[in-house]
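K.L.:
I would like the atomic coordinates for the input below:
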Amino acid sequence: MKLDQTDKCSSVSEALISDWRILTIECVDKLRPQNPYAATVTAEEIFELFRPILAKSATRRQEEEVKAKLLELCSEAVELRMIMRRSRDRYTCEIPGTLGWPLLASKCEELAETVAVEGGKPNQASDEIVYTVFGGLVKQAEDGDGKKIVLEKALVILKRK
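P.N.:
The predicted structure is shown next:
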């Protein structure tokens with residue numbers, strides 16, 4: 001996406017960037033067969049990250065069920081990524097931390113949702129964001145009017161008072 005960002009900074013039109021992105025994806029799709037490799041590798045990596053928190057009493061069958069669900073999730077994520085890339089609209093993952101430091105939850109309510117307080121309870125929350133768990137999914141229409149629509153808020157952790 002570096003070229004995409006460079007084009008945007010160089011006053012290349014949003015429509016031209018969208019056309020370039022869509023045609024590139026179409027070419028890639030024609031050159032390679034559908035390969036679940038990316039989803040499979042990602043699912044395996046996630047499973048290994050979660051392995052320490054799986055119940056010690058989990059059976060092999062239960063572990064396989066978890067692996068199957070992770071593969072399904074990752075396959076759907078790859079497909080969603082490709083659908084978004086084929087769209088003329090621009091989709092980005094925005095992380096609230098790019099808005100300045102210290103980052104206050106009250107300054108980015110439209111983009112972020114608090115999910116926990118680091119080392120504390122909800123009533124011990126300060127306004128300061130310690131870190132972002134997941135970035136927010138944001139859509140910007142091809143017409144380039146600058147209006148962004150937050151499709152999914154970023155999930156953030158607040159600092160304890």
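
K.L.:
low-confidence ranges in this structure?
P.N.:
Where the chain drops to pLDDT under 70, the residues are 1-10, 28-36, 97-101, 143-144, 146.

K.L.:
Which parts of it are strands?
P.N.:
For the chain, the strands defined by DSSP state E cover 90-94, 112-117, 125-134, 136-140, 148-152, 154-160.

K.L.:
Please identify the pairing partners of the last one and their relative orientation?
P.N.:
Strand pairing for strand 154-160, determined by DSSP bridges: strand 112-117 (parallel), strand 125-134 (antiparallel).

K.L.:
Restricting to C-alpha, output the first one in PDB.
P.N.:
What follows is strand 112-117 as a C-alpha-only set of coordinates in PDB (Å, rounded to 0.1, in the frame of the first residue of the first chain):
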ATOM      1  CA  ALA A 112     -12.800   4.000  19.700                       C
ATOM      2  CA  GLU A 113     -14.700   1.800  22.200                       C
ATOM      3  CA  THR A 114     -13.200   1.100  25.600                       C
ATOM      4  CA  VAL A 115     -13.200  -2.600  26.400                       C
ATOM      5  CA  ALA A 116     -11.100  -2.700  29.700                       C
ATOM      6  CA  VAL A 117      -9.000  -0.800  32.200                       C
END
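
K.L.:
nearest to residue 154, of the strands paired with strand 154-160?
P.N.:
When those are compared by Cβ to Cβ, strand 112-117 sits nearest residue 154, at 4.6 Å. Placement of C-beta: from N, CA and C, glycine included.
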